[in-house]
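In: structure, please.
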Amino acid sequence: MSHSPWFHRRPTLLPGRPIDAARLYLGFVGLGGGFMSMMTVMYSLYVVRDVGLTPFQLVIAGTALEASVLLFEVPTGVLADAVSRRLSVIVGYAVMAFGMVLMGAVPEFWAVVAGQFTWGFGFTFISGAREAWLADEVGEEAAGALYPRGARWRLTAMVAGALVGGAIGLAGPHLAFIASGVGLALLSMALAFVMPERAWRPAPRGERSSWASMRNTAASGFRATRAKPVLVAAFILMALMGMSSESFDRLWAYLLIEEIGIPDSVNDVLLFTGLQIGAQLGGIVAIRVVERRTSAGGRSVTTALLLLNAAIIASMLAFSLAPVLPVAIGLGWATIWARNAEEPFFLAWVNRGLDPATRATVLSTIGQANAIGQIAGGPAFGLLAQLATVRVAIAAAALVLLPALPIYARERRRADREADV
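Out: You can find the predicted model right below:
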């Protein structure tokens, strides 16, 4: 008699028709990005103009999100490895939906913080589990090619989501949050009927219900991370990326609205919708450019990551000094484009050669480093913005990434040596 739980005794979680894993991955990555974009296109305008958060409060809201990631990233990764990656993804989208609705329904600082914390909690169910599920279902090599393609699909859908969110935002920015949450909830329900999980099987019931087994899975993931130099480097790099990105992500809109200023003749909802669309379209182009100039080998990907990090540092520094709105918009876009291109290739670089048994846990451990960096840097940069200026905080955040350059250079040399063996 099978010891698998009921949700592994059928091809889908609930009775339905399973969809090919590669096509489904592209589909739900795109839809998830589109629904999220409906909210993010209005987030900065909503929290700065309507809720009235200060620079320090803006960063604290982001720190709440990252604190939930730090607390739950590895436990949910272990659950994905020990119970079900499919179930983890489905639950994640449902929890994220609740966080979106909470932020839009209550325009208060506490609700923004609680919504961000809930959103982060939901994201931890998806982080690592989604990519591990794909690698198991289609194989590592095929998954490595799908990650950049999925990123392009996500960014394309985010353009559409930004248009929809902007249209909704004309009636009220908070409504875009609620619509985003409803969309994510519907996506979660749909996946329960169409998402397969054929290539992976859970541990026997006795082991799966044991906390000791989960601790062993987590410990195996941590040991795998420490044992591979590339994963140690990835952990450090992700922490630096988190520390740097937190300041920019939370403060760039404040700089545009409060320090540079938006002319009265410009509709701010339409402006932020255009900013989001430009960011995603440029990101699509950037990913495609990098994709055409890299191969599956470690050296070309590492070289691309090195150059992208240099571009992020330069554009962030220039953005912090931008004197007028058009210049600031262009430099802000350049920063976002480079970061959008960096994400899928960093994931492919880290994911090579991971043990399928602990893949989700290892990826969650790397993802947790981002939360550590954001929690460590966020409040400090927020306080710096409050005591000095937002420009100073963003410039300092750019300089935090400087140590990443020699690390990538070292990893490129390591890839050369491995290729020569």
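In: pLDDT below threshold where in the stretch 251-400 of the chain?
Out: Applying pLDDT under 70 to the stretch 251-400 of the chain flags the ranges 295-299, 353-361.
In: which parts of it are helices?
Out: For the stretch 251-400 of the chain, the helices defined by DSSP state H, counting those that start in this stretch cover 268-292, 298-321, 325-351, 359-387, 390-400.
In: return the most buried member of these.
Out: Burial of the helices of the stretch 251-400 of the chain is given as mean neighbour count (mean count of other C-beta atoms under 10 Å); helix 359-387 ranks first at a mean of 24. Where you see a C-beta, it was placed from the backbone N, CA and C, and this is true even at glycine.
In: that one vs helix 325-351, what angle?
Out: Helix 359-387 and helix 325-351 meet at an angle of 150 degrees, taking axes from the mean of the first three to the mean of the last three C-alpha atoms, to 10 degrees as the criterion.
In: returning to that earlier point: of the helices of the stretch 251-400 of the chain, which is nearest residue 143?
Out: helix 325-351 (7.2 Å; C-beta to C-beta).
In: helices or strands up against the closest one?
Out: helix 129-138, helix 140-169, helix 229-254, helix 268-292, helix 298-321, helix 359-387 (3 or more C-beta pairs under 8 Å, 6 or more residues apart in numbering; DSSP states H and E).
In: save those helices as a markdown table, and put in distance to residue 81 too.
Out: Output for the helices and strands packed on helix 325-351, formatted as a markdown table (distance: least, C-beta to C-beta, whole Å):
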| stretch | distance to residue 81 |
| --- | --- |
| helix 129-138 | 8 |
| helix 140-169 | 16 |
| helix 229-254 | 16 |
| helix 268-292 | 29 |
| helix 298-321 | 25 |
| helix 359-387 | 5 |
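In: can you tell which of the ones you listed is closest to residue 414?
Out: Here helix 229-254 is closest among the helices and strands packed on helix 325-351 (C-beta to C-beta), at 7.0 Å.
In: what's around residue 261, how many residues?
Out: Applying other C-beta atoms under 10 Å, we find 11 residues neighbouring residue 261.
In: got the contact list for it?
Out: Going by C-beta atoms under 8 Å, 6 or more residues apart in numbering, residue 261 touches residue 325.
In: phi, psi of it?
Out: For residue 261, the backbone dihedrals (degrees, to the nearest 10) come out as phi 100, psi 140.
In: quick one: low-confidence ranges for the stretch 101-250 of the chain?
Out: Judged by pLDDT under 70, the stretches of the stretch 101-250 of the chain that qualify are 200-228.
In: kindly recompute the last result at 80.
Out: Within the stretch 101-250 of the chain, the segments meeting pLDDT under 80 span 128, 140-141, 144, 199-231.
In: residue 406: which of the helices and strands packed on helix 325-351 is closest?
Out: Closest among the helices and strands packed on helix 325-351, using C-beta to C-beta: helix 298-321, at 9.5 Å.
In: other SSEs contacting that closest one?
Out: Other elements packing on helix 298-321 under the criterion 3+ C-beta pairs under 8 Å, 6+ apart are helix 229-254, helix 325-351, helix 390-400, helix 404-420.
In: any idea how far the host helix or strand of residue 59 is from the chain center?
Out: Using DSSP states H and E, residue 59 maps to helix 55-82. Relative to the centre of its chain, helix 55-82 is centred 11 Å away, using C-alpha atoms, centre = their mean, to the nearest Å.
In: please point out which parts of the helix or strand just after it sit buried.
Out: For helix 55-82, the following helix or strand on the C-terminal side (DSSP H and E) is helix 85-105. Of all the residues in helix 85-105, those buried under the rule 16 or more other C-beta atoms under 10 Å are 85-104.
In: could you say what helices and strands helix 85-105 packs with?
Out: helix 21-45, helix 55-82, helix 109-126, helix 129-138, helix 173-194.
In: which one of those lies nearest to residue 391?
Out: So among those, helix 55-82 is nearest, using C-beta to C-beta, at 11.0 Å.
In: show the average pLDDT along that closest one.
Out: Helix 55-82 shows a mean pLDDT of 82.
In: packing partners of that helix?
Out: helix 85-105, helix 109-126, helix 129-138, helix 211-227, helix 229-254, helix 359-387.
In: may I see the buried residues of it?
Out: 55-74, 76-82.
In: quick one: that helix to helix 229-254, angle?
Out: Going by the same axes, to 10 degrees, helix 55-82 makes 140 degrees with helix 229-254.
In: what angle sits between helix 55-82 and helix 390-400?
Out: 40 degrees.
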